[in-house]
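1. Sequence plus predicted model, see below.
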Amino acid sequence: MTETSSPPTSGLRGSIGVAGIVFLVVAASAPLTAIGGALPVMLAIGNGAGSPAAFIVVALVLLVFSVGFAAMSRHVVDAGAFYAYITEGLGRRMGLGAGGLALLCYTSIQAAVYGLAGATAQGLVIQIGGPDLPWWSWSLLLMLAVGALGYRNIDVGAKVLGVALTLEIAVIAVVAAAVLAQGGASGIDTVSFTPTAFFSGAPGIGIMFAVASFIGFEATAIYGEEARDARRTVPAATYVAVVLIGVFYALASWAFVLAFGSGDVVAAAQADPDMIFTAAAVYVSPIVAQIMVVLLLTSLFAALLAFHNAIARYLFSLGRKGVAPTALSRTHPKHGSPYMGSLTQTASAAVAVGVFALAGADPVLQLFTWMGGVATISVLLLMVLTSISVIVFFARSGVDGRLWHTRVAPTLGTLGLMGLVALVLWNFTTLIDGSVVLAGGLLALVVATFVLSAAIPARGSREAAGAVEDAAPVDLADPVEDAAPVEDVTPAAI
């Protein structure tokens, strides 16, 4: 990225509401992927029966973090979200570092999902008697479909995600309800939510996958410019998304723990990576298990589209600030979408997947696992910096005098997020096949991305700092009157 002067461009356009934004966020978390793909790993090498509690812990930390995040969303409306917030609070250099780190985060998680999606599509096609094509060919086919939708107005993508999300949540709910109705393998218990279960095994692994399930969480702010009444839509969507993801994942994972029994679920996960589909066949029907396999692919597609949209808007924001090529700040004259960012993102995804394909890497054990770990660390660091920037921004600007929203909650959120970072780092090597060298290399990539991005030299008359007048079309002339309505949009109110 280079910093250049940026001419005025048309803004993003859309009329997406709270439900649409929530769909985009939850779709990025890919419910069926998290339950069908990540949960067995959490159970096998993480904290076993305590895995459901990991979702609760992460959701509570993010809910506290969301208070300051939502408060700031009313004063900084920008497709760059974390990048824009950190720039406003901590300055241009930190903002540039955050922008690079955000691009690394979303590019990594999208590449990871393309690997898993390609392998899933390959297996599904072979299972129904289709041709045995390499996994990357299916990844590229999905890439073209995602690129076509990402090129258009965000409302179109939101509708597609809404359908996919509804179907995958419905099938998970049906299986979970069947398990609970039949009493599971050995009766209903709440062992999963006890401190003993949570701290058993490797709780950091459980936390890592739980955090990964919330990647895309900042999309509530990313789509602020395309939302109806962003001042209320973004805060409401933020709280709803965090609560919905946390509660749904906790209850669903608890039901699948009970399906095998709290005392036997670890052994079951280690013996059968497809245990979720096995449970569906046993407690409901083999047909439902087959349907779940198909919906797993649609779940991955929904996540890919959500991440594609997020990266395209980050590129748009960076281009508009003069940090990236100004061509990226162009919006489509008909769709109002960041089409240049979308095209660029499609090309970069093809390169990332191509590198792993040419290297002969395993799409799941290497591409999905390694890149997923990089994305998890990156997003946690971004959240820590964002939380700190919220405190600094409100302390310096004085546009919002509410103590809980601007001081207490952001401070508690920062401490909670730092605790999650420590847990993840403690168990990071376990996730990367126990290789200290590889784990160190991936962590070094995260640090290097931030440092090199922060060192981008200024080459234009405009700073890359997200000026409020450029990034946030919100009137701050009367901060007291402006801040008051947000009190109606709190976790309690939702």
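-> Cool, got the structure.
2. What distance do you get for Q122 to L141?
-> 11 Å (C-beta to C-beta, to the nearest Å). (Each C-beta comes from the backbone N, C-alpha and C, glycine too.)
3. Quick check: phi and psi on F393?
-> F393 adopts backbone torsions of phi -60, psi -50, taken as degrees, to the nearest 10.
4. Also V284?
-> Here V284 shows phi and psi, under degrees, to the nearest 10, equal to phi -120, psi -80.
5. how far away is L101 from S262?
-> Distance, L101 to S262, by C-beta to C-beta: 38 Å.
6. Which one's more surrounded, the two?
-> Each of L101 and S262 has its neighbours counted (other C-beta atoms under 10 Å); L101 has more, 26 against 22.
7. can you tell me the helix or strand for that one?
-> L101 belongs to helix 92-127 when assigned by DSSP states H and E.
8. What's the first helix or strand after that helix?
-> Next along the chain after helix 92-127, taking DSSP H and E as the criterion, comes helix 135-150.
9. now the angle between helix 92-127 and that next one, please.
-> Angle, helix 135-150 to helix 92-127, by axes from the mean of the first three to the mean of the last three C-alpha atoms, to 10 degrees: 120 degrees.
10. picking up where we left off before, looking only at neighbour counts, state which of Q122 and L141 leads.
-> More crowded of Q122 and L141, by other C-beta under 10 Å: Q122, with 21 against 14.
11. mind listing what's buried in the host helix or strand of G372?
-> Secondary structure from DSSP H and E places G372 in helix 369-397. Of the residues in helix 369-397, 369-394 count as buried by neighbour count, 16 or more other C-beta atoms under 10 Å.
12. Also stretch 268-283?
-> Quick answer for stretch 268-283 (16+ other C-beta under 10 Å): A268, A269, M275, I276, F277, T278, A279, A280, A281, V282, Y283.
13. quick one: which of those sit in strands?
-> Using DSSP state E, the subset of the buried residues of stretch 268-283 located in strands is empty.
14. Could I get the residues you listed in JSON lines, plus columns for pLDDT and distance to M94?
-> As requested, these are exported to JSON lines (pLDDT from 0 to 100; distance: C-beta to C-beta, whole Å):
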{"residue": "A268", "pLDDT": "93", "distance to M94": "46"}
{"residue": "A269", "pLDDT": "92", "distance to M94": "41"}
{"residue": "M275", "pLDDT": "92", "distance to M94": "43"}
{"residue": "I276", "pLDDT": "93", "distance to M94": "41"}
{"residue": "F277", "pLDDT": "92", "distance to M94": "45"}
{"residue": "T278", "pLDDT": "93", "distance to M94": "47"}
{"residue": "A279", "pLDDT": "95", "distance to M94": "46"}
{"residue": "A280", "pLDDT": "95", "distance to M94": "46"}
{"residue": "A281", "pLDDT": "95", "distance to M94": "51"}
{"residue": "V282", "pLDDT": "95", "distance to M94": "52"}
{"residue": "Y283", "pLDDT": "96", "distance to M94": "50"}
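15. can you pull the contacts of the most centrally placed residue in the chain?
-> Centroid check for the chain by C-alpha atoms, centre = their mean gives I215 as the closest residue, at 1.7 Å. Neighbouring residues of I215 by C-beta atoms under 8 Å, 6 or more residues apart in numbering: A28, S29, C105, Y106, I109, A375, T376, V379.
16. Dump the residues you listed into JSON lines; add distance to A81 as well.
-> Shown next, in JSON lines, are the contacts of I215 (distance: C-beta to C-beta, whole Å):
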{"residue": "A28", "distance to A81": "13"}
{"residue": "S29", "distance to A81": "16"}
{"residue": "C105", "distance to A81": "12"}
{"residue": "Y106", "distance to A81": "11"}
{"residue": "I109", "distance to A81": "15"}
{"residue": "A375", "distance to A81": "16"}
{"residue": "T376", "distance to A81": "18"}
{"residue": "V379", "distance to A81": "12"}
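17. and of those, the nearest to F209?
-> Using C-beta to C-beta, T376 comes nearest to F209 of these, at 8.1 Å.
18. Can you name the residues that contact the closest residue to that closest one other than its chain neighbours?
-> Using C-beta to C-beta, 6 or more residues apart in numbering and skipping the chain neighbours, the partner closest in space to T376 is A212 (4.9 Å). Contacts for A212 (C-beta under 8 Å, 6+ apart) come out as A34, A38, I109, G372, A375, T376.
19. List the contacts of the closest residue to Q366 other than its chain neighbours.
-> Distance criterion C-beta to C-beta, 6+ apart; nearest residue to Q366, sequence neighbours excluded, is F356 at 7.0 Å. Applying C-beta under 8 Å, 6+ apart, we find F356 in contact with A111, G115, W136, P363, Q366, L367.
20. and F356, which of the three is it?
-> helix (DSSP: H, G, I helix; E, B strand; the rest coil).
21. that older thread, output the contacts of F356 as TSV; include the columns distance to R313 and neighbour count.
-> Putting the contacts of F356 into TSV (distance: C-beta to C-beta, whole Å; neighbours: other C-beta atoms under 10 Å) gives the following:
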residue	distance to R313	neighbour count
A111	18	25
G115	23	30
W136	26	23
P363	27	25
Q366	29	18
L367	24	29
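22. Pull the most distant pair out of these.
-> Pairwise distances among those were taken by C-beta to C-beta; the largest, 12.8 Å, belongs to W136 and Q366.
23. next one: stretch 108-116 to chain centre, how far?
-> For stretch 108-116, the separation from the chain centroid amounts to 12 Å (computed by C-alpha atoms, centre = their mean, to the nearest Å).
24. Please list the residues outside that stretch that contact it.
-> Counting by C-beta under 8 Å, 6+ apart, 30, 33, 37, 135, 139, 142-143, 212, 215-216, 300, 303-304, 307-308, 311, 349, 352-353, 356, 363-364, 366-372, 374-375, 378 sit against stretch 108-116.
25. Using CSV, write out every CA atom in stretch 300-313.
-> Coordinates of each C-alpha in stretch 300-313 appear next as CSV, following Å, rounded to 0.1, in the frame of the first residue of the first chain:
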residue,chain,number,x,y,z
LEU,A,300,-18.8,-22.4,3.8
PHE,A,301,-20.0,-20.5,0.7
ALA,A,302,-21.9,-18.1,3.0
ALA,A,303,-18.8,-17.5,5.1
LEU,A,304,-16.7,-17.0,1.9
LEU,A,305,-19.1,-14.3,0.7
ALA,A,306,-19.2,-12.6,4.0
PHE,A,307,-15.4,-12.4,4.2
HIS,A,308,-15.1,-11.3,0.6
ASN,A,309,-17.4,-8.4,1.3
ALA,A,310,-15.5,-7.4,4.4
ILE,A,311,-12.1,-7.4,2.6
ALA,A,312,-13.5,-5.5,-0.4
ARG,A,313,-14.8,-2.8,1.9
